[in-house]
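Undergrad: With the input below, show me the fold.
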Amino acid sequence: MKAKQQRKAAPGEGTWSLSAVMAELKGLGTAQNRKVYRRHGAGEKQFGVSFANLDALRRRIKKDHELALELWQSGNTDARILATMIADPQSLSPDQAEAWLAECSYYVLVDALVKNVIVKTGYADDKLAAWTGSEGEWRGRAGWMLLSLTALQVASAVGTVEVDHGETSCRTPAAAAYIRKGWERKQQRGKAGSR
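TA: The predicted structure is shown next:
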């Protein structure tokens, strides 16, 4: 059997292999998180790693598309979320994006795939059109998540819009800030142990 290629990690980190990352993820998981994530649909194949720990590991690994592909193939939910964080969006083909989405059955993983990868690709608009019209739960969710992220990008690009409200106290909020505020409210409501 061919040995897996070792990759350079951050200075002082050594090299990253699939087995090293999986061991790190396993060590970062907690029984409490596994219980909570399972209740939210993550399934059994997970370690229960917090997003704070996933993000810290992402910063250490940086971008590593080949490792991301291997992590996705593991089928482990934590590894797959990390895969979306370290994948190179420009290296993930439209067919691979479809394949990854077809393997998703957990809303957090769908959202991570769209937010971390798909919205940053050259084919995001094509996927937006195809997925928002889908009757499948996860494809549909991916499409609507992609729409909201695209709306945020457009709102940021447009910037401040001046509206004459006449002699009223009405104000027009900046669209990007208003969208972010809505997301923050939603996250605060769902923060009680969900991921």
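Undergrad: Show me how the record splits the chain into domains.
TA: As assigned by automatic domain parsing, the chain contains the domains 1-87, 107-195.
Undergrad: Mind putting the ones you listed into TSV with mean pLDDT and mean neighbour count?
TA: Every C-beta, even on glycine, is put in place using the N, C-alpha and C of the backbone. Output for the domains of the chain, formatted as TSV (pLDDT from 0 to 100; neighbours: other Cβ atoms under 10 Å):
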stretch	mean pLDDT	mean neighbour count
domain 1-87	89	17
domain 107-195	87	14
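Undergrad: Pipe those into CSV and attach distance to A97 per row.
TA: Shown next, in CSV, are these (distance: least, Cβ to Cβ, whole Å):
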stretch, distance to A97
domain 1-87, 10
domain 107-195, 6
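Undergrad: Give the other helices and strands that the helix ranked longest in the chain contacts.
TA: Counting residues, the longest helix found in the chain (DSSP state H) is helix 137-158. For helix 137-158, the elements it packs on are helix 94-102, helix 107-116, helix 124-132, helix 175-189, judged by 3 or more Cβ pairs under 8 Å, 6 or more residues apart in numbering; DSSP states H and E.
Undergrad: Any idea which of those helices gets closest to Y37?
TA: Nearest of the helices and strands packed on helix 137-158 to Y37, taken as Cβ to Cβ: helix 107-116 at 8.0 Å.
Undergrad: Go ahead and name everything in contact with that closest one.
TA: 37, 40-42, 77, 80-81, 84-85, 87, 89, 97, 100-101, 104, 138, 141-142, 145-146, 149, 195 (Cβ atoms under 8 Å, 6 or more residues apart in numbering).
Undergrad: one step back: how about the domains of the chain, which one is nearest S93?
TA: domain 107-195 (8.6 Å).
Undergrad: Against G133, how distant is the nearest residue to L149 once chain neighbours are set aside?
TA: In space, and not counting its chain neighbours, L149 is closest to V119: 4.5 Å by Cβ to Cβ, 6 or more residues apart in numbering. V119 is 18 Å from G133, where distance means Cβ to Cβ, to the nearest Å.
Undergrad: And for R80?
TA: For R80 relative to G133 (Cβ to Cβ), the value is 25 Å.
Undergrad: Also A155?
TA: 23 Å.
Undergrad: which other residues reach stretch 125-138?
TA: Contacts of stretch 125-138 (Cβ under 8 Å, 6+ apart): 94, 97, 101, 104-105, 107, 110, 118, 121, 139-140, 142-144, 146-147, 150.
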